[in-house]
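Trainee: here you go, sequence then predicted model.
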Amino acid sequence: MEKFKVIFMGTPEFAIPPLEALYETENLVAVVTQPDKPRGRGLKKLPSPVKNWAISKGIKVMEPEKIKDNSQFLEELKKLNPDLIVVCAYGKILPGEVLKIPKHGCWNIHASLLPKYRGASPINWAIIEGEKETGVTIMLMDEGMDTGPILLQKKIPIDEEETSVELAKKLSNLGKEALLEALSLYKKGKLKPVPQPEDGVSYAPIIKKEDGFFTFEEPAIKIERKVRGLLPWPGAYTFFKNKLLKIFSAKSIPLDFDAKPGTILKLNRDGILVATSEGAILLREVQLEGKKRMSAYEFACGQRLKQGDTF
């Protein structure tokens with residue numbers, strides 16, 4: 001089967017498995033990624049995971065600050081004369097001039113079952129909204145935000161206590177599988193783009209720090225989903241004695257009696273059971289501002305909390 005000349009556009013760790021698949025099966029001529037960004041405590045400029053991978057394989061790396069109205073970058077892409085551009089978590093919108101360059105178009109690997117969760121953070125929002133399943137979509141890109149026709153989809157269930165970090169790993173590998181299958185079918189003439197349905201459209205906007213805030217006036221299940229869906233950043237958090245308290249692990253528990261939200265109902269090595277407006281939430285692992293991450297039991301002992309106290 002003929003090998004396509006491919007340019008890959010991606011940035012985070014999530015994009016590596018599909019990138020590796022292209023390297024092994026197609027003619028990968030270049031990688032486009034976001035420029036080095038300040039990271040960590042020292043805010044030292046560091047390359048993206050995709051850039052590191054490409055350098056290790058001796059693949060040409062391109063890092064445009066902007067794509068729109070960037071004639072030099074456009075000329076570079078045209079000179080490479082790709083059959084296909086594959087995009088996975090790149091982080092920039094592609095203008096129409098780029099979409100027209102490859103013979104077989106630009107394909108996007110999107111981590112949701114489109115038209116659900118169009119946008120930047122589909123994995124987080126699928127968990128926060130309590131979805132039972134999700135998946136990946138291989139999509140032929142147009143100038144809209146995740147609006148292009150669907151080439152192929154693959155589904156997986158979301159496990160009951162799965163976090164966004166765990167789900168991202170699964171979806172990254174599923175993206176690799178879906179891409180390989182789509183390429184194989186496409187080359188055999190068995191893959192036709194299907195327009196996205198107009199019903200069932202939803203959005204997954206970029207996560208902001210304030211999305212992590214919660215109070216115990218919210219239902220326990222909503223708090224739990226925030227905890228699972230907002231790792232590693234910003235994390236679900238509330239305030240304790242005017243300090244930010246980040247929750248790393250929690251479980252919603254049904255209650256057969258009413259209690260004032262924020263009241264500590266039970267406290268043992270399993271964690272701190274706190275009443276909410278609907279059910280209770282078992283806090284299992286926490287971090288108070290300025291302190292290290294610890295079990296909720298350690299935190300309770302350090303703060304001398306007891307049953308009946310309130311957050």
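Mentor: Structure received. Numbering: from 1, shown residues only.
Trainee: so what touches the helix or strand bottoming out on mean pLDDT in the chain?
Mentor: For the chain, counting by mean pLDDT, DSSP states H and E, strand 37-39 ranks last in confidence among helices and strands (a mean of 80). With contacts defined as C-beta atoms under 8 Å, 6 or more residues apart in numbering, strand 37-39 is touched by Lys44, Lys45, Leu46, Ser48. Glycine gets a C-beta too; all of them are placed from N, C-alpha and C.
Trainee: redo that, cut-off 7 Å
Mentor: Contact partners of strand 37-39, identified using C-beta atoms under 7 Å, 6 or more residues apart in numbering, comprise Lys44, Lys45, Leu46.
Trainee: which residues touch the second one?
Mentor: Residues in contact with Lys45, defined by C-beta under 7 Å, 6+ apart, are Asp36, Lys37, Pro38.
Trainee: apply 10 Å and report the result again.
Mentor: Going by C-beta atoms under 10 Å, 6 or more residues apart in numbering, Lys45 touches Pro35, Asp36, Lys37, Pro38, Arg39.
Trainee: and those residues, which is closest to Ile264?
Mentor: The shortest gap between Ile264 and any of those belongs to Arg39, at 37.4 Å (C-beta to C-beta).
Trainee: name the helix or strand for Glu285, please.
Mentor: strand 280-288 (DSSP states H and E).
Trainee: closest to Gln303 out of the contacts of strand 37-39?
Mentor: Using C-beta to C-beta, Lys44 comes nearest to Gln303 of the contacts of strand 37-39, at 35.2 Å.
Trainee: so the closest one bridges to which residues?
Mentor: Using DSSP bridges, the beta-bridge partners of Lys44 come out as Arg39.
Trainee: separation between it and Gly279?
Mentor: From Lys44 across to Gly279, the span is 44 Å (C-beta to C-beta, to the nearest Å).
Trainee: the two: who's more crowded?
Mentor: Using other C-beta atoms under 10 Å as the criterion, Lys44 and Gly279 rank with Gly279 on top: 17 against 10.
Trainee: who's in contact with the nearest residue to that one once chain neighbours are set aside?
Mentor: Counting by C-beta to C-beta, 6 or more residues apart in numbering, Gly279 lies nearest to Ala220, which is 3.7 Å off, once chain neighbours are set aside. When contacts are counted by C-beta under 10 Å, 6+ apart, Ala220 touches 250-255, 261, 273-282.
Trainee: quick check on Ala220: phi, psi?
Mentor: phi -60, psi -40 (degrees, to the nearest 10).
Trainee: domains in this structure, by residue range?
Mentor: Per the record, the chain has its domains at 5-187, 209-302, by automatic domain parsing.
Trainee: in TSV, list these along with distance to Ser202.
Mentor: Shown next, in TSV, are the domains of the chain (distance: least, C-beta to C-beta, whole Å):
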stretch	distance to Ser202
domain 5-187	5
domain 209-302	15
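Trainee: just the contacts of Lys45 now: which is nearest Asp142?
Mentor: Set against Asp142, the nearest of the contacts of Lys45 by C-beta to C-beta is Pro35 (25.9 Å).
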